[in-house]
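Visitor: I would like to see how this sequence folds:
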Amino acid sequence: MTKILWILLFCLGMWAADFGAMSTQELLAIMNYTIEKKDQNKILNELKSRIPEMSAKEKNIYKKNLELLKKQNAKK
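Guide: The predicted structure follows:
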């Protein structure tokens, strides 16, 4: 059920050009699944601006997802 919710959020996120309106949790969930490089950059920029306001848990998720993203981009 949770996976379905994240997939739905991902799909909605792809249509929404305004990543600033999305919650931090939504951005963290889709940051590794965004296909277009320009959208990845927009998401990362938005998350970087939110780092001071993130909880410790959100920061850890961000760091882990960022490492995964770098690995994925290195394989391409």
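Visitor: quick one, helices of this protein?
Guide: Here the chain has its helices, by DSSP state H, at 2-15, 24-30, 37-50, 56-75.
Visitor: tilt between the third one and helix 56-75?
Guide: Helix 37-50 and helix 56-75 are oriented at 150 degrees to each other (axes from the mean of the first three to the mean of the last three C-alpha atoms, to 10 degrees).
Visitor: find the residue at the geometric middle of the chain.
Guide: When C-alpha atoms, centre = their mean is applied to the chain, the residue found nearest the centroid is M31 (2.4 Å).
Visitor: so that residue makes contact with E46?
Guide: No: contact criterion C-beta atoms under 8 Å: M31 and E46 do not qualify, at 9.5 Å. The way it works is simple: take the backbone N, C-alpha and C, and place the C-beta from them, glycine included.
Visitor: related to what we said a few turns ago, just send the helices of the chain back as JSON lines, with mean pLDDT and mean neighbour count too.
Guide: Shown next, in JSON lines, are those (pLDDT from 0 to 100; neighbours: other C-beta atoms under 10 Å):
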{"stretch": "helix 2-15", "mean pLDDT": "60", "mean neighbour count": "12"}
{"stretch": "helix 24-30", "mean pLDDT": "90", "mean neighbour count": "19"}
{"stretch": "helix 37-50", "mean pLDDT": "90", "mean neighbour count": "15"}
{"stretch": "helix 56-75", "mean pLDDT": "90", "mean neighbour count": "12"}
